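Asks: show me the folded form of this:
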Amino acid sequence: MDVLNEVRLENTLKIVDLIMKREEISRVDLARSMNLTKTTISNIVSNLIDEGLIREKRTVVSGLGRPQTMLEINSENTYIIGIGIMRDRVEGCLVNVKGRILKQSFREFTGNVSGNRAEIFNTLFAVIDEFFTGNSNLSGQIKAISLGISGPLDIKNGIIKQPPQFPELENIAIVDMLSKKYEVDVWIENDADMAALGERWYGGGRELDDFIYFFVDNGIGCGIIINGEIYHGKHDYAGEIGHLMMLVDNKFKYFEDLYGIGVILRRARTEISDEIKDIQDLTTKFNSGDKKSEILFEEVSRAMGGAILSMIHMFGISDIFIGGKAIYFGNKFISNIEKVVDENLFYRHDVSIRFSNLGNLAMPMGAAVHGIRKLFEKKIIRFIYDSKFESKINSQSNHFGFKNS
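Replies: You can find the predicted model right below:
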């Protein structure tokens, strides 16, 4: 795609994003928000309406100005499934193209998934099938499946490459597999990135352009949002804080191999009580004043605090969300992290560290939004090359549509 068409695509996608996020917005407000000329906005909006992607909703009269026609996403007959594949379960949701959640579902793996690829995919298929068969009136209108999965990934070719703690998924061409099985578009993205996108659209990150989502499960990763968009890095694995190298007994170990949830629980069963089954049990022990639990809790929270502080220093971002199973550690966990950050911050400035309020749904919700955007992108690319669109845009004196400063 040439530079001019890349700018057209970027501007058109930003308009769609703004309409989705605001739910309704006028052409005038779009022009103000994007710093584009009213004529350019009008042309792009006209094409989006012609393609049935957006529609005029209502006319608003306010003050002495001209009435404004509000625009909204055309949500009829298009639905997307968002999926999060985690190491112990599959989470899913069904949304319309406005991002409204219509149904949620999850299934835990019933057997030992170690070396058991079939268990993973049978569970994945069961969750997806539930959205198709449980909504028979919508099944023909489900147009895409979008997944958040542990990386590294070959996003372009839809392949899960070599997830360190999920070898059962190694070298799986999952996009090809699912697109053939369900005959819809399929996209994949990194799990922590999708959780961050979920936070951006549905959670505490709605009003933030820059933040880091710290995802803690058996693996640990960060989704990094900069200027409202996911920061991928050149090879699509930026934010892999779980692979921060730690020097232990003169040997390097990955951070997640020391402080992933599974490792913490194994230590808790050995060092505290073999009755500890999950993080909630460990937190209950800690809250009851158990000294061994306090020692482990202190170590884990300080280590997490150090990792979070490193991300703050590396990216200069001071809004942090913590999600995944770490949310079950409770407020004392946040307090300990805040103490580490406060004592060791490079220079004094405000830092906000909080749990995500989306629970386990952050990842599938973010994946669903990603699917919506990819679906729009596919349709927009198609009509950007339409001769009618080309002639409209080329008639403008300012091809890029930016206002003169």
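
Asks: can you show me the strands along the stretch 101-250 of the chain?
Replies: Assigned by DSSP state E, counting those that start in this stretch, the strands in the stretch 101-250 of the chain fall at 101-108, 142-149, 153-154, 159-160, 185-190, 211-216, 220-226, 229-230, 245-248.

Asks: quick one: average confidence on the fourth one?
Replies: Meaning strand 159-160. Mean pLDDT, strand 159-160: 94.

Asks: got the strands of the stretch 101-250 of the chain as TSV, with distance to residue 332 and mean neighbour count columns?
Replies: No exception for glycine: its C-beta is placed from N, CA and C like everyone else's. Shown next, in TSV, are those (distance: least, C-beta to C-beta, whole Å; neighbours: other C-beta atoms under 10 Å):
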stretch	distance to residue 332	mean neighbour count
strand 101-108	27	15
strand 142-149	29	24
strand 153-154	35	20
strand 159-160	36	20
strand 185-190	30	24
strand 211-216	15	29
strand 220-226	20	25
strand 229-230	31	17
strand 245-248	23	11
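
Asks: just so I know, which of those strands lies nearest residue 349?
Replies: When the strands of the stretch 101-250 of the chain are compared by C-beta to C-beta, strand 211-216 sits nearest residue 349, at 14.7 Å.

Asks: average pLDDT for the closest one?
Replies: Mean pLDDT, computed over strand 211-216, is 96.

Asks: what sits up against it?
Replies: Defining contact as C-beta atoms under 8 Å, 6 or more residues apart in numbering, one finds that strand 211-216 is touched by 191-192, 195-196, 199-200, 205, 220-225, 239, 241, 260-261, 304, 307-308, 311-312, 315, 317, 319-326, 356, 362-363.

Asks: restricted to helices, list the residues you listed.
Replies: Members of the contacts of strand 211-216 lying in helices (criterion: DSSP state H): 191-192, 195-196, 199-200, 261, 304, 307-308, 311-312, 315, 362-363.

Asks: report pLDDT for residue 108.
Replies: pLDDT recorded at residue 108 is 91.

Asks: er, residue 122 actually
Replies: Per-residue pLDDT puts residue 122 at 93.

Asks: show me the contacts for it.
Replies: With contact set as C-beta under 8 Å, 6+ apart, residue 122 has no partners.

Asks: can you do 10 Å?
Replies: Residues near residue 122 by C-beta atoms under 10 Å, 6 or more residues apart in numbering: 107, 109, 110, 111, 116.

Asks: returning to what we had before: quick one, which of the strands of the stretch 101-250 of the chain gets closest to residue 3.
Replies: Closest to residue 3 of the strands of the stretch 101-250 of the chain is strand 229-230 (C-beta to C-beta; 18.9 Å).

Asks: helices or strands up against the strand or helix carrying residue 16?
Replies: According to DSSP states H and E, residue 16 maps onto helix 3-22. Packing partners of helix 3-22 (3 or more C-beta pairs under 10 Å, 6 or more residues apart in numbering; DSSP states H and E): strand 25-26, helix 27-34, helix 38-50, strand 54-60, strand 68-73, helix 191-202, helix 362-384, helix 387-394.
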